[in-house]
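**Student:** With the input below, show me the fold.
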Amino acid sequence: MPGLDTLPESLGDLDARALAHVLDRLAAREQAPWLHREVARRMAERLPIIRQAPRQWLDWWAHIGGGAPAVRAAYPQARRIAVEPTPALQARSQMQLPAWWSPHRWTSNTGATILQSQVAESAADMLWANMMLHACVDIPAMLAQWHRALSVDGFVMFSTLGPFSLRELAELYRQCGFGPAHHPFVDMHDLGDLMVDAGFADPVMDQELLTLTWSTPEAALEELRALGGNTHPHRHAGLRTPRWRDRLLRQLERRVDGDGRLAMSFEIVYGHAFRPESRARVAALSAISLSEMRASLSRRRSAG
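**Tutor:** Residues are numbered from 1 along each chain as shown. Next up, the predicted model:
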């Protein structure tokens, strides 16, 4: 199984400043994008594989993921902690908690909203991360943080975009010389390797291909903007002009099918794994004294 040094260089191919801008813009939205909520619903259908219901779970990048209703339906008694990457997203999640005078404020599943940097070690039995891993600048570091945040035998479930996502848009950009349409998305097999490197056990990866369609190119661009933004470090520098946008719309119009719909593909990658009990590392070279070796041989003979 390949190690970190053999994984694609695209793992770090994401502009951190551009991502920060995208996250601030998404924090202003009242709810998660439709696609994220639909993927959360589909991922929640996999929750029965967990043998024991979690007492406490981490909703990682909760506002963008939009998975709280789906998980609460499966585990109504579990306490939820919303984990956000920025203060703006933390404030948005805080707004969605029940008010102090609400009769639902003191139910068992009402938790807290914290920043990602505040997550304690072994903080929960389950970590749920819906449609956010593709927006991470450092995926190995994120997986390592997930591992620390889970208790022993804790369970992680996540979804993310795979490399076949938006291939139609990427091809259009290539043909028109527009530069990269988005940063590269990581293949599910590489993500599985990263899970093992982070210390998770028995990772299971699978994927499905969804096709979204729109009645107009304008509607497609509006929804794509709601999903995020172009964070490729080699994207076009500066702002695009109205003339460029008109050209993009004309190119998209040419790709409308016979039913008058514009279609784009989204590869959704799902993964889940356990955090096993940590094992003591064994040195490549160990030293043992002659007396210890004799004692060990004597014990073996006595046992035989």
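**Student:** Can you pull the phi/psi pair for residue 215?
**Tutor:** Main-chain dihedrals, residue 215, degrees, to the nearest 10: phi -80, psi -20.
**Student:** Quick check: it touching residue 261?
**Tutor:** Yes: here residue 215 reaches residue 261: they are 6.5 Å apart, a contact under CB atoms under 8 Å. All C-beta spots, glycine's among them, are computed from the backbone N, C-alpha and C.
**Student:** which one is the spatially most central residue of the chain nearest to, not counting chain neighbours?
**Tutor:** Nearest to the mean C-alpha position of the chain, by CA atoms, centre = their mean, lies residue 133 at 2.7 Å. Excluding its sequence neighbours, the residue lying closest to residue 133 (CB to CB, 6 or more residues apart in numbering) is residue 160, at 3.9 Å.
**Student:** pLDDT score assigned to the one you found?
**Tutor:** Looking at residue 160, its pLDDT stands at 98.
**Student:** list the contacts for the closest residue in space to residue 164 that isn't next to it in sequence?
**Tutor:** Leaving aside its chain neighbours, residue 164 sits nearest to residue 267 (3.8 Å; criterion: CB to CB, 6+ apart). Contacts for residue 267 (CB atoms under 8 Å, 6 or more residues apart in numbering) come out as 161-165, 185, 207-210.
**Student:** what lines up beside the helix or strand where residue 267 lies in the sheet?
**Tutor:** Assigned by DSSP states H and E, residue 267 belongs to strand 262-274. For strand 262-274, the paired strands and their directions (DSSP bridges) read strand 150-161 (antiparallel), strand 201-214 (antiparallel).
**Student:** next SSE after the first one?
**Tutor:** So the one you mean is strand 150-161. Reading on from strand 150-161 to the C-terminus, the next helix or strand found by DSSP H and E is helix 167-176.
**Student:** tilt between that following helix and strand 201-214?
**Tutor:** Going by axes from the mean of the first three to the mean of the last three CA atoms, to 10 degrees, helix 167-176 is angled at 70 degrees with respect to strand 201-214.
**Student:** residues of helix 167-176 that come out buried?
**Tutor:** 168-170, 172-173 (16 or more other CB atoms under 10 Å).
**Student:** Present those residues as CSV; the columns should include pLDDT and distance to residue 111.
**Tutor:** Output for the buried residues of helix 167-176, formatted as CSV (pLDDT from 0 to 100; distance: CB to CB, whole Å):
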residue, pLDDT, distance to residue 111
168, 96, 40
169, 96, 37
170, 95, 39
172, 96, 43
173, 94, 41
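**Student:** Of these, just say which sits nearest to residue 87.
**Tutor:** residue 169 (31.5 Å; CB to CB).
**Student:** got a list of what the closest one touches?
**Tutor:** Taking CB under 8 Å, 6+ apart, one finds 181-182, 224, 264 in contact with residue 169.
**Student:** Let's see which of those residues end up in strands.
**Tutor:** Judged by DSSP state E, strands contain the following of the contacts of residue 169: residue 264.
**Student:** Show me where this protein has its helices.
**Tutor:** 16-27, 34-44, 62-65, 68-74, 87-95, 139-149, 167-176, 188-197, 217-227, 242-253, 290-303 (DSSP state H).
**Student:** Out of those helices, which gets nearest to residue 117?
**Tutor:** Short answer: helix 139-149, nearest of the helices of the chain by CB to CB, at 9.3 Å.
**Student:** For the closest one, give the mean pLDDT please.
**Tutor:** Helix 139-149 comes out at a mean pLDDT of 97.
**Student:** One more: stretch 33-44?
**Tutor:** On average, stretch 33-44 scores 97.
**Student:** next one: stretch 115-124
**Tutor:** Here the average pLDDT along stretch 115-124 is 97.
**Student:** go on, stretch 89-101?
**Tutor:** 82.
**Student:** same check, this time on stretch 207-220
**Tutor:** 96.
**Student:** what about that stretch, start to end distance?
**Tutor:** Terminal residues of stretch 207-220 lie 23 Å apart, using CA to CA, to the nearest Å.
**Student:** start the count at 26, not 1, going forward
**Tutor:** With 26 as the first residue, the last one maps to stretch 232-245.
**Student:** Closest to residue 103 out of the buried residues of helix 192-201?
**Tutor:** Nearest member of the buried residues of helix 192-201 to residue 103, counting by CB to CB, is residue 194, at 38.1 Å.
**Student:** Distance check, the closest one against residue 249.
**Tutor:** Taking CB to CB, to the nearest Å as the measure, residue 194 and residue 249 are separated by 8 Å.
**Student:** any shared contact partners between the two?
**Tutor:** residue 289.
**Student:** Would you format the strands paired with strand 287-299 as TSV with mean neighbour count and distance to residue 51 included?
**Tutor:** Below are the strands paired with strand 287-299 laid out as TSV (neighbours: other CB atoms under 10 Å; distance: least, CB to CB, whole Å):
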stretch	mean neighbour count	distance to residue 51
strand 175-186	22	15
strand 226-239	14	18
